[in-house]
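A.B. asks: Got a sequence here, can you build the structure:
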Amino acid sequence: MSRLCPETLYIPEPGGRALAARVTRPHRCTVIGGGIAGVAAATVLCERGVDVTLIEREPLLGGRAGGFEHRLENGERVQVERGFHAFFRQYYNLRGLLRRIDPDLSLLQPLPDYPILGPDGMLQSFRGLPTRTPFQLMKLVWQTPYLTAGDVMRVDAFAALEMLRFSSERTYDRFDGVSATEYLQSLRFPDVAKRMLFDVFSHSFFNPEEQLSAAELLMSFHFYFTGNPEGLIFDAVRQPLHVGIWKPFEKWLRSRGVRVLTGAAVSRVDRHMDGTLRVEHTAGSVDADDVVIALDVPAVSRLVETSPALAPLSGIERLRTTLRFAVLRVWLEDPLRADRAAFVGTTGVGLLDNISCYDRFQDESAAWAARHGGSVVELHAYAVPDGWDEAGIRSDLLAALQTFYPETRGVRVLDEVMLIRQDCPAFPPGSMRLRPTARTAIADVALAGDYVSVPMPCALMERAAVSGFIAANTLLARQGVAPEPIRSVPREGLLAPLRFLRRAEA
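C.D. replies: Residues are numbered from 1 along each chain as shown. So this is what the prediction gives:
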């Protein structure tokens, strides 16, 4: 198989056994958590005949990719999300999940570029790059105004080649104990080039560079840029996520017999004398033969702490969240300039990491802008340092918006909503060995979530979907049922096998 082609995996591997398409006797599974990971697990399980109950503590499905309703000052009700979500083309498994409700993926629309804005009018575009390695890197280096020929000559070639030599075992063995900051400094890129080419990318994982494993950074660089045949451009959802994805998905799940309990928080998992499990939640309880725990890090830690039946899940207490993120959505009286992109990454000006102009791609916001003549703009800070209060964060984000988009100076904010949360997983140096897998020490309990270690390069929403599929496959394997196929970008970089490119390693 070409190193440039996606791979199809079966996890757990079938191993040549004849596997059933569906369970052959009644079998119950409770999935705790209705985000991407939980919905992915519930989907695979119900398709194979398992009796599934899906429990979500929020009123709506979606988890960190979900949203909530907000009432504007004028009485209009709108949907607000936890920041812009980019649906990259190499999110094979997430997109496969979405095809259950939209076979043609008509809910997605392409955005033409992933521009990065920096101070003093700096701009880095990724439009028109080849999708094949190493040609996209060559053209990027050639066309960026932030690297001269002299700069390229001073780059540490061995360190830079690590971006093309990703290999899970070797990369994590060598770089997991190193911070992303240390690795990026080792490249010897000029500060301006590092800012424009790497800062937004590394911040997108919600972990500050100095607190992010270099191995995780290299894996993500492979997954998003050098190791996939689709390129860096992505799609956005045409409607608010709840309207376009989660409401249809809840209907789809219910139509296939899944009991979906929203607004119900799970408090405890117990084990009956007959070995089956009992899941206690605020609306009652449910018995199960298997359980998938698809919660964020704080919630799974609390559940393990309150559930003696989950005591064998040792190590969960060592998981951590990264810094807070902040999302400020504003409804402005005036429109942005017509040439402003729907989405831009930003760097070098305060806390701000991206600007999303929702009326450029999402129907609800476009309709509001058409009615009122204004614009709907969202500002996102991925990793807010400790010590900032809400007023300070708001002021800093708005000041950065006015710096990048001067036409917003003096424009009246008609309405706004701010969200500050701290529930994204941390991936600090040395943490790979601490991360659990979907398969746990409890045979009838599986884990899913974007903190779970999976045997393929992926991150963020795609890792959540993959972990949900693997959790379902792990439990189905015990019933002799065929797994859900899982697609992966090439699991090694193009130059991974070439030993002569390696610096002497201790």
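A.B. asks: So which residues of the stretch 251-400 of the chain form helices?
C.D. replies: Under the criterion DSSP state H, counting those that start in this stretch, the stretch 251-400 of the chain carries helices at the ranges 297-306, 363-372, 390-404.
A.B. asks: ok, and what's touching the last one?
C.D. replies: In other words, helix 390-404. 117, 119, 326, 328, 330, 344, 346, 349-352, 355, 377, 379, 381, 384, 388, 408-409, 413, 418, 420 (C-beta atoms under 8 Å, 6 or more residues apart in numbering). C-beta here means a position set from N, CA and C on the backbone, and glycine is covered the same way.
A.B. asks: Check which residues of it are buried.
C.D. replies: With burial defined by 16 or more other C-beta atoms under 10 Å, the residues of helix 390-404 counted as buried are I393, R394, D396, L397, L398, A400, L401, T403, F404.
A.B. asks: And whichever strand or helix holds T171, what does it pack against?
C.D. replies: Taking DSSP states H and E as the definition, one finds T171 inside helix 168-175. With contacts defined as 3 or more C-beta pairs under 8 Å, 6 or more residues apart in numbering; DSSP states H and E, helix 168-175 has these neighbours: helix 214-221.
A.B. asks: In terms of secondary structure, what does the longest helix seen in the chain contact?
C.D. replies: Longest helix in the chain, counting residues (DSSP state H): helix 460-477. On a contact count with 3+ C-beta pairs under 8 Å, 6+ apart, helix 460-477 meets helix 36-47, helix 92-98, strand 290-293, strand 445-447, strand 485-488.
A.B. asks: Now do that helix against helix 214-221, angle only.
C.D. replies: On the basis of axes from the mean of the first three to the mean of the last three C-alpha atoms, to 10 degrees, helix 460-477 is oriented at 100 degrees to helix 214-221.
A.B. asks: Please name the residues that touch W252.
C.D. replies: Contact partners of W252, counting by C-beta under 8 Å, 6+ apart, are R100, I101.
A.B. asks: tell me the pLDDT at it?
C.D. replies: Predicted confidence (pLDDT) for W252: 98.
A.B. asks: Ok, F500 next?
C.D. replies: Listed pLDDT for F500 reads 56.
A.B. asks: do D151 as well
C.D. replies: pLDDT, D151: 87.
A.B. asks: And for S2?
C.D. replies: The model reports S2 with a pLDDT of 45.
A.B. asks: try G67
C.D. replies: pLDDT, G67: 91.
A.B. asks: Next, count neighbours for it.
C.D. replies: The burial count assigned to G67 is 21, neighbours taken as other C-beta atoms under 10 Å.
A.B. asks: and the longest helix of the chain, which residues are buried?
C.D. replies: 460-477.
A.B. asks: ditto for stretch 287-301
C.D. replies: Buried residues in stretch 287-301 (16+ other C-beta under 10 Å): 288-297, 299-301.
A.B. asks: now do stretch 97-106
C.D. replies: For stretch 97-106, by 16+ other C-beta under 10 Å, it's L97, L98, R100, I101, D102.
A.B. asks: Centre of the chain to the helix or strand of the chain with the lowest mean pLDDT, how far?
C.D. replies: For the chain, scoring each helix and strand by mean pLDDT, DSSP states H and E identifies helix 200-203 as the least confident one, at a mean of 80. Centre-to-centre, helix 200-203 and its host chain are 13 Å apart (C-alpha atoms, centre = their mean, to the nearest Å).
A.B. asks: ok, residues contacting it?
C.D. replies: 116, 180, 184, 209, 212, 217, 220-221, 224, 345-347, 353-354, 382-383.
A.B. asks: ok, now with 6 Å
C.D. replies: I116, A180, E209, L217, G345, T347, D353, Y382 (C-beta atoms under 6 Å, 6 or more residues apart in numbering).
A.B. asks: Looking at those residues, which is nearest A265?
C.D. replies: Checking the contacts of helix 200-203 against A265 by C-beta to C-beta gives Y382 as the nearest, at 27.2 Å.
A.B. asks: circling back to that earlier point, run the chain-centre distance for the longest helix of the chain.
C.D. replies: 14 Å.
A.B. asks: how about the CA coordinates for it, as PDB?
C.D. replies: What follows is helix 460-477 as a C-alpha-only set of coordinates in PDB (Å, rounded to 0.1, in the frame of the first residue of the first chain):
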ATOM      1  CA  LEU A 460      -9.800  16.600  18.300                       C
ATOM      2  CA  MET A 461     -13.200  15.700  16.800                       C
ATOM      3  CA  GLU A 462     -11.700  12.800  14.800                       C
ATOM      4  CA  ARG A 463     -10.000  11.300  17.800                       C
ATOM      5  CA  ALA A 464     -13.300  11.400  19.600                       C
ATOM      6  CA  ALA A 465     -15.100   9.600  16.800                       C
ATOM      7  CA  VAL A 466     -12.300   7.000  16.400                       C
ATOM      8  CA  SER A 467     -12.300   6.300  20.200                       C
ATOM      9  CA  GLY A 468     -16.100   5.800  20.100                       C
ATOM     10  CA  PHE A 469     -15.800   3.300  17.200                       C
ATOM     11  CA  ILE A 470     -13.000   1.500  19.000                       C
ATOM     12  CA  ALA A 471     -14.900   1.300  22.300                       C
ATOM     13  CA  ALA A 472     -17.900  -0.200  20.500                       C
ATOM     14  CA  ASN A 473     -15.600  -2.600  18.600                       C
ATOM     15  CA  THR A 474     -13.900  -3.700  21.800                       C
ATOM     16  CA  LEU A 475     -17.300  -4.600  23.400                       C
ATOM     17  CA  LEU A 476     -18.600  -6.200  20.200                       C
ATOM     18  CA  ALA A 477     -15.600  -8.500  20.000                       C
END
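A.B. asks: pLDDT below threshold where in the stretch 1-150 of the chain?
C.D. replies: Counting by pLDDT under 70, the ranges of the stretch 1-150 of the chain that qualify are 1-4.
A.B. asks: check contacts around the nearest residue to E162 once chain neighbours are set aside.
C.D. replies: By the measure of C-beta to C-beta, 6 or more residues apart in numbering, the closest residue to E162 outside its immediate chain neighbours is L218, 5.9 Å from it. Going by C-beta under 6 Å, 6+ apart, L218 touches E162, F166, T171.
A.B. asks: mind running it again at 8 Å?
C.D. replies: If you count contacts by C-beta under 8 Å, 6+ apart, then L218 has E162, M163, F166, T171, F175, Y183 around it.
A.B. asks: what two of the residues you listed are the furthest from one another?
C.D. replies: Using C-beta to C-beta, these reach their maximum pairwise distance at F166 and Y183, which is 12.6 Å.
A.B. asks: When these two are compared, which one has more neighbours?
C.D. replies: F166 (28 against 22).
A.B. asks: Okay, that one and R491: tell me how far apart.
C.D. replies: Distance of F166 to R491, computed by C-beta to C-beta, to the nearest Å: 9 Å.
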